[in-house]
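# Just need the structure, nothing else, for what follows:
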Amino acid sequence: MQIWKNKLLFCSILLFAFLLRVYGLDHYPPSLFSDEVSQGYNAYSILLTGHDEYGKYLPVSLRSFGDWKPPLQTYLIVPFIYIFGLNAWSVRLPSAILGTVTVGLFFFLPKLILEKFTSWNKKLNMRVSLLAMIFLCISPWHILQSRSAMLAGIALFFTVLGLHSFFKGLLVNKKYWFVSGIAFVLAIYSYYGMRLIIPLLILILLMFFRKEIYKNFLLLFVASLVSGILLLPLGLAFIKEPNVVFGRARTVSVFYDKGVSLRIWQQIAEDGITMNTKLAQFYHNKPFNYLSDIVRRFFEHLDGRFLFLIGDQNPPFQIPGMGVLYLIDAIFIVIGIAYILKTSPSLFKFLGILVIISILPAAFTYVTPASNRTLTLLLPLAIVTAIGFTHTLYSIRKVRTFIAFSTLMYIGSFVYFIYQYFYIIPYTHADWWHYGYKELVSYVKQNPLNVDYTSISGKASVPYIFYLFYNQIDPNSINKKIIRNYHSDEFGFEHVDQFDNIDFIRYFTWEEYQGKLQSNSLLAVTAQENVNISNSVTEVKKIYFPDGRVAFRLYRIQ
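Here you go, the predicted model:
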């Protein structure tokens with residue numbers, strides 16, 4: 001009877017996780033972000049032609065906006081476009097489905113980890129695993145990533161599958177290591193951060209379980225060989241184009257900051273007034289500057305403000321008024337850490353190392369704290385939270401009061417998150433998700449004013465990809481009509497200058513372009529950009545955000 005109760009609970013949690021991740025997927029988030037649109041259109045192009053938008057046949061990395069996106073999510077989108085067409089559902093469904101499967105897998109992974117690292121009884125392990133699954137199911141951090149095609153959610157699934165199969169190989173059948181190796185390779189093809197996390201994770205697993213691995217070295221060697229073969233396309237592409245592996249990592253790295261040298265000289269000059277100049281130079285140099293910056297950014301991801309209060313402040317990964325975890329999680333994380341440290345130092349060490357390597361990729365970037373680059377951190381935190389909750393449940397006298405209080409707190413926190421995610425973000429912060437481009441490019445395509453040319457400001461995003469996506473432009477025709485700008489901007493992105501009779505102006509100012517705009521043309525700008533209305537310039541349309549703010553203004557140039 002207990003087994004059937006557990007199975008029913010497991011299926012109920014999984015069904016709830018699925019509903020949370022697929023409900024209204026085309027409207028929440030309120031619009032497709034530019035990265036999602038890029039992956040969707042490239043999947044559409046691969047489906048119809050076998051080539052991406054640049055004409056590359058079955059690429060192992062998508063050049064996209066010059067950020068060289070890992071390809072796996074795009075390939076996963078292809079069959080959904082074939083079935084459902086080119087739309088938001090097709091783009092986001094792979095992430096939502098694999099996000100749901102991740103929740104299911106996460107019931108089994110904690111059990112295997114606890115069985116390997118602790119001597120706790122099976123009943124305790126079962127409760128911890130079910131709670132860990134529940135915490136991942138309702139996690140705002142995971143729901144946000146699972147409901148968008150932003151790479152990290154897909155990568156987390158393959159990381160969990162790789163870990164699960166590795167521990168399954170240790171405890172059940174060594175042949176699971178083949179699945180583990182393949183899953184880790186697919187994680188590398190899913191997200192840039194995994195190109196650092198996965199090798200470190202494998203190294204840690206080899207160190208922790210070297211005795212078992214040594215006994216089965218030949219089998220592991222064959223599994224590694226299979227994984228190496230699967231990585232060959234990426235390695236060969238890297239030889240021809242290094243950006244395939246390091247493109248985006250290079251431009252978001254702390255080492256990409258060109259202002260470091262200037263700041264160092266300024267610091268030397270300021271400190272040289274109060275101390276010896278050579279001593280100032282000793283403290284202020286590039287290695288010290290970079291190291292201190294990386295350390296600072298690393299610990300930003302363990303800051304309570306990021307975890308429990310304000311979260312990721314970088315759109316589109318921000319959830320207003322809350323952290324990436326629920327505030328009540330903090331209590332059980334502290335209790336869980338203390339209990340693990342007391343009862344299983346080896347488990348504490350393993351989870352601690354997993355925390356460290358989960359944060360490392362983000363620590364080397366200049367946009368921190370970053371919830372997307374540290375999504376793997378959610379795994380050890382969910383396990384620790386579940387352990388802390390379970391230990392409290394076993395230790396406290398007033399069990400019913402504790403269950404009632406904690407359940408009420410979690411329900412309240414969850415309802416608050418649902419309100420923020422499904423109401424506040426779509427209504428008040430639709431601009432975070434590039435809302436308005438669908439309406440804009442559809443209007444431009446319809447051309448109701450019968451203009452000869454159109455100019456669109458690129459201040460808010462990369463408008464050309466929205467035009468291709470929402471108007472389902474034939475991929476066979478684009479390279480004949482498109483003019484690309486391969487010079488990276490200050491953020492490392494490339495842009496398109498023109499498609500057919502549409503100009504995409506990266507740095508629009510009215511003062512510079514008013515004399516360059518074609519007669520009988522349409523000009524589209526964001527609400528923040530000024531255009532002087534005159535006899536030859538008339539405003540013809542406004543596109544609004546859901547809260548009534550103006551997203552775009554459209555002008556006719558006589």
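# So which bits of the lengthiest helix in the chain are buried?
When the chain is parsed with DSSP state H, its longest helix is helix 88-117. Across helix 88-117, burial judged by 16 or more other C-beta atoms under 10 Å covers 88-114, 116-117. Heads up, the C-betas are built off the backbone N, CA and C, glycines and all.
# Pop the domain breakdown of this protein in here.
Annotated domains of the chain cover 14-252+294-428, 254-284, 436-557 [automatic domain parsing].
# got the end-to-end distance for the longest one?
Domain 14-252+294-428 has its terminal residues 31 Å apart, counting by C-alpha to C-alpha, to the nearest Å.
# if we can go back for a sec, worst mean pLDDT among the domains of the chain?
For the domains of the chain, the weakest mean pLDDT is recorded on domain 254-284, namely a mean of 60.
# Next up, the contacts around Ser165.
Going by C-beta atoms under 8 Å, 6 or more residues apart in numbering, Ser165 touches 176-177, 179-180, 183.
# mind checking which helix or strand it is in?
Mapping Ser165 onto the secondary structure by DSSP states H and E places it in helix 152-171.
# Just after that helix, pick out the following helix or strand.
As assigned by DSSP H and E, the chain's next helix or strand after helix 152-171 is helix 176-188.
# For that following helix, what is the distance to the chain centroid?
Chain-centre distance of helix 176-188: 20 Å, with C-alpha atoms, centre = their mean, to the nearest Å.
# Just the CA trace of the helix or strand following it, in CSV.
Next along the chain after helix 176-188, taking DSSP H and E as the criterion, comes helix 194-208. Extracted in CSV, the C-alpha atoms of helix 194-208 (Å, rounded to 0.1, in the frame of the first residue of the first chain):
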residue,chain,number,x,y,z
MET,A,194,28.3,23.5,-19.2
ARG,A,195,31.6,23.5,-21.1
LEU,A,196,33.2,24.4,-17.8
ILE,A,197,30.8,22.7,-15.4
ILE,A,198,30.6,19.3,-17.0
PRO,A,199,34.4,18.7,-17.2
LEU,A,200,34.8,19.8,-13.6
LEU,A,201,31.9,17.6,-12.5
ILE,A,202,33.3,14.6,-14.3
LEU,A,203,36.7,15.3,-12.6
ILE,A,204,35.0,15.4,-9.2
LEU,A,205,33.1,12.2,-9.8
LEU,A,206,36.3,10.5,-10.8
MET,A,207,38.0,11.7,-7.6
PHE,A,208,35.2,10.7,-5.3
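# got the end-to-end distance for stretch 517-526?
Start to finish, the residues bounding stretch 517-526 are 17 Å apart (C-alpha to C-alpha).
# Of all the residues in that stretch, which ones are buried?
Across stretch 517-526, burial judged by 16+ other C-beta under 10 Å covers 517, 521-526.
# In this structure, mark out all the strands, start to finish.
Counting by DSSP state E, the chain has strands at residues 453-457, 482-485, 495-499, 502-505, 521-526, 537-544, 550-557.
# Give me the sheet partners of the second one and which way each runs.
When you say that, I think you mean strand 482-485. strand 495-499 (antiparallel) (DSSP bridges).
# and what of the first one?
Strands that pair with strand 453-457, judged by DSSP bridges, come out as strand 502-505 (parallel), strand 521-526 (parallel).
# contacts for the first one?
Residues outside strand 502-505 that contact it (C-beta under 8 Å, 6+ apart): 444, 453-458, 462-464, 467, 495-498, 513.
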